[in-house]
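Peer 1: The following block contains a protein sequence and its predicted model.
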Amino acid sequence: MLAQVLERAGHRAYCVPLFRPAEMLAQVAEEKPDIVCVSALPPFAIAHSRTLYAKLRAQLPNVEIVVGLWNFNDDITKGWRRIGMVGARPFTRLAQVVNVIGVSHPRQRSVPGPGEKD
């Protein structure tokens with residue numbers, strides 16, 4: 001859903017399917033993104049985000065990372081600390097992510113992917 005919302009806002013977005021972390025990291029590295037958005041849902045949002053965030057940070061140290069903790073009812077600051085996020089921002093709403101990306105990465109004309117029409 002986040003990829004669709006970002007595309008509607010004029011950003012190019014690619015959704016990496018949920019696989020083992022090594023496979024997901026390989027796909028992310030292949031795309032060479034400016035920003036990576038990690039989406040996580042309870043009940044394992046913190047654990048999965050922490051693992052994926054640490055691996056992304058190690059593999060792509062200069063890429064901006066945003067973490068969406070959807071349906072997170074606890075204090076977001078606690079979630080941020082539990083994930084061990086340094087240089088990343090956690091969010092609980094799609095609109096927050098779109099706004100932040102819009103400010104840090106102004107819209108560019110989308111480049112059609114394989115099989116897409118211009």
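Peer 2: Great, that's in hand. Numbers count the residues shown, from 1 in each chain.
Peer 1: so what does the host helix or strand of Met24 touch, helix or strand wise?
Peer 2: Per DSSP states H and E: Met24 is located in helix 21-31. When contacts are defined as 3 or more CB pairs under 8 Å, 6 or more residues apart in numbering; DSSP states H and E, helix 21-31 sits against helix 45-59. C-betas here are computed from N, CA, C, even on glycine.
Peer 1: when you compare where the helix it packs on runs with where helix 21-31 runs, what's the angle?
Peer 2: Between helix 45-59 and helix 21-31, the angle comes out at 50 degrees (axes from the mean of the first three to the mean of the last three CA atoms, to 10 degrees).
Peer 1: Quick one: name whatever helix or strand follows the helix or strand bottoming out on mean pLDDT in the chain.
Peer 2: In the chain, the helix or strand scored least confidently by mean pLDDT, DSSP states H and E is strand 88-91, which has a mean of 72. Using DSSP H and E, the helix or strand that follows strand 88-91 in sequence is helix 94-104.
Peer 1: Can you spell out which helices and strands pack onto that following helix?
Peer 2: helix 2-8, strand 35-40, strand 64-69, strand 88-91.
Peer 1: What strands line up against the second one, and which way round?
Peer 2: According to DSSP bridges, the neighbouring strands of strand 35-40, each with its direction, are strand 64-69 (parallel).
Peer 1: How about the contacts made by the nearest residue to Val38 once chain neighbours are set aside?
Peer 2: Distances taken as CB to CB, 6 or more residues apart in numbering place Val67 nearest to Val38, at 4.7 Å, with adjacent residues excluded. For Val67, the contacting residues are 37-38, 40, 49, 53, 83, 85, 88-91, by CB atoms under 8 Å, 6 or more residues apart in numbering.
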